[in-house]
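A.B. asks: I need the structure of the sequence given here:
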Amino acid sequence: MGEVEESGEMNSSERLVGIIYDEKMCKHHTPDDDYHPENPNRIRVIWNKLLANNIPQRCVVLSGKEAEDKYLMAVHSENHVNLIRNISSKQFDSRRDRIASKLNSIYFNEGSSEAAYHAAGSVLELAERIAKGDLNSGAAIVRPPGHHAEYDEAMGFCLFNNVAVAASFLLDERPELGVKKILIVDWDVHHGNGTQKTFWNDSRVLFFSVHRHEFGSFYPGNEDGFYTMIGEGPATGYNINVPWEHARCGDADYLAVWDHILIPVAKKFDPDMIIVSAGFDAAVGDPLGGCCVTPYGYSVMLKKLMDFAQGKIMLALEGGYNLDSIANSFLACMKVLLEDKPVSGSVEAYPFESTWRVIQAVRKKLSSYWPVLADELPLKLTIQNAPYPHILISNSDSESEDEKAPNIDSEIVQEVMEPFSKLKVEDNQDQVATSSTSWRSELSKIDIWYASFGSNMWKPRFLCYIEGGQVDGMKKPCTGSLDKNLPKEILWKIFPHRLYFGRDSTRAWGPGGVAFLHPDSSVGEKTYMCLYKITLEQFNDVLLQENVPSYQMNSPVFDLAALQSIKNKGSISLEVFKSGWYRNVVYLGNERDIPILTMTCSISDVESFKLGKFPLRPPSKEYANTLVKGLVEGRQLSEREAIAYIEAASSKPLR
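C.D. replies: Below you'll find the model as predicted:
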């Protein structure tokens, strides 16, 4: 469908619905075709699902179109547009990967430029056709997504901000079309930081984003998505953020926000057109989003928006990484645009207590700008809520800790997604919470010593795994543990194990190696280790964040049976983290009858380092600095001694 002619056989009573899909946008993929959640199959599976349900046959199918630089530069800097235009050319072959590594969750290949230009151009083309009245509504099945892309920076899988480019075009380049006010609704699970910044001072755009935020610890990992960020100058009050405090929000939570924030404000704003940043990573089963919106939920959210702007609505695909979920959710939305029979479903679950807390905070903050939000919510609403969801989900758009290896392959992703795909909002919410609470309650009573030998030796860095957040030098935040109590005690010990550094780069620290401990002890070796007295529950959460952050722990990965077994075996390799770098839990003895555990690579990985399959490499300056700070502040070594210690471990051959 790369050069699709306009087509469609429609009943005269049906709405004219446009749709854009172009195979050129599939040319953007990882350089070595390694697995990545943002991949060409995302749009292919949507298109195939629509074809199988005769949707394109009832729509006006438009060809993809490249955006013009002048329209892109209304949203992005000239330097940024030049970079994306040229990044796929031969002159960038030798430095393309290096440039990508300096950006936040971005990859480039020889097809990235063409795909990015087609994504932005296709959204712009469809928006113009709807604004002109040629179409009543439409949907753009595009990638790469756009809502994270900022004025001068690609990030979060996004190269150009497709929706912002289209909205800017309609408002500034085509005023004769009569679109003077645009409502942008971003229901992607991540905050649309780039779109927010584009229209921060522009009252012609009401930007609304509902997203996981977790007080700044969820991607993009800052305060931009908090409810206090309401715009500036003439646009104060025209930026509305609804920040979820945790995962597992579903239909009931989203529809409560629609009914008590978005819809009342939309009535007053009275937009001439609505653009939906339609990410489907809040859908049930998404490995990055961890929320539970069903196709029915998306259809109801969209149906409620159809009452505004004479139904002039455009959907532009953003995120969504469970192929079944995005296909089914997109199909449900297309049926709404075509005014088909509604998707079957119901919302029997209640919103979480935190949902009402967030809704009330948003309403209070915005009530002086939108008086319709000034009234208190009825008590009968807010006393009906679901229990708190006791689970831990990924905090990032990134698929793994490393850009090249280990990528989470399709088998791992299936393991990640399978627990989500079996969940139903109506039936299993209490069951999931109960099963998770049970093992956590049991393991919270057991203390262990977690022995750290890398960046976690520095207490502020380790506390990122407990409290959430990040320290200087880190490129992304940590989610933290569910139990955020600080370590009960900290002490230092020296162990007869080999410390070394390897791997090319990490998402957390960028280019450079990270610390590994040889699992076997060896006479003559000496490694300084900082021991934190934490619970076995917290240790499970640290294991998760060090390996596969997007895995849902309805049960522990290292339980009491494993704790008993490891004392005899010496180490246990956790198969659930097949591609994790620190999947091997090693027993280092006892301290005051409390077991000392650390996590490192497996013996087979050590052999891969020896044979050159995995690179040995010194740490980056930022990463090394955390080790130095840990050793110095822990009063183990002077700064000079700590630097020499790291240099020796980096240069000594691994035998």
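A.B. asks: For the residue nearest to residue 226 when sequence neighbours are not counted, grab phi and psi.
C.D. replies: Counting by C-beta to C-beta, 6 or more residues apart in numbering, residue 226 lies nearest to residue 243, which is 5.6 Å off, once chain neighbours are set aside. For glycine as for every other residue, the C-beta is placed from the backbone atoms N, C-alpha and C. In terms of degrees, to the nearest 10, the main-chain angles of residue 243 are phi -100, psi 110.
A.B. asks: Let me know the pLDDT of residue 243.
C.D. replies: With respect to pLDDT, residue 243 scores 97.
A.B. asks: what's the residue lying closest to residue 121 once chain neighbours are set aside in contact with, if anything?
C.D. replies: On the basis of C-beta to C-beta, 6+ apart, the spatially nearest residue to residue 121 that is not a chain neighbour turns out to be residue 67, at 3.6 Å. By C-beta atoms under 8 Å, 6 or more residues apart in numbering, the contact list for residue 67 reads 117-118, 120-121, 124, 160, 165.
A.B. asks: quick one on the thing from earlier: ok, the residue nearest to residue 226 - how many residues close by?
C.D. replies: Using other C-beta atoms under 10 Å, residue 243 has 24 other residues around it.
A.B. asks: Residue 180 now?
C.D. replies: By the criterion of other C-beta under 10 Å, residue 180 has 12 neighbours.
A.B. asks: So what sits opposite the residue nearest to residue 226 in the bridge?
C.D. replies: Beta-bridge partners of residue 243, counted by DSSP bridges, are residue 211.
A.B. asks: That one contacts residue 217, correct?
C.D. replies: No - assessed by C-beta atoms under 8 Å, residue 243 is found out of contact with residue 217, at 11.0 Å.
A.B. asks: any shared contact partners between those two?
C.D. replies: Overlap of the contact sets of residue 243 and residue 217 (by C-beta under 8 Å, 6+ apart) is empty.
A.B. asks: list the contacts for the residue nearest to residue 226?
C.D. replies: 191, 211-215, 225-227, 358.
A.B. asks: Swap in 10 Å and give it another go.
C.D. replies: For residue 243, the contact set (C-beta atoms under 10 Å, 6 or more residues apart in numbering) comprises 191, 209-216, 218, 223-229, 358, 361-362.
A.B. asks: Equivalent analysis for residue 138, please.
C.D. replies: Residue 138 sits next to 15-20, 59-60, 62, 123, 125-127, 129-130, 312-316, 334, 337 when contact means C-beta under 10 Å, 6+ apart.
A.B. asks: Repeat the analysis, applying 8 Å as the threshold.
C.D. replies: Counting by C-beta under 8 Å, 6+ apart, residue 138 makes contact with 17-20, 59-60, 126, 129-130, 314-315, 337.
A.B. asks: Residue 282 versus residue 266, what's the distance?
C.D. replies: Distance, residue 266 to residue 282, by C-beta to C-beta, to the nearest Å: 20 Å.
A.B. asks: Please, where are all the helices along the stretch 51-200 of the chain?
C.D. replies: Ranges of helices in the stretch 51-200 of the chain, per DSSP state H, counting those that start in this stretch, are 69-72, 78-86, 96-101, 112-132, 162-172, 193-198.
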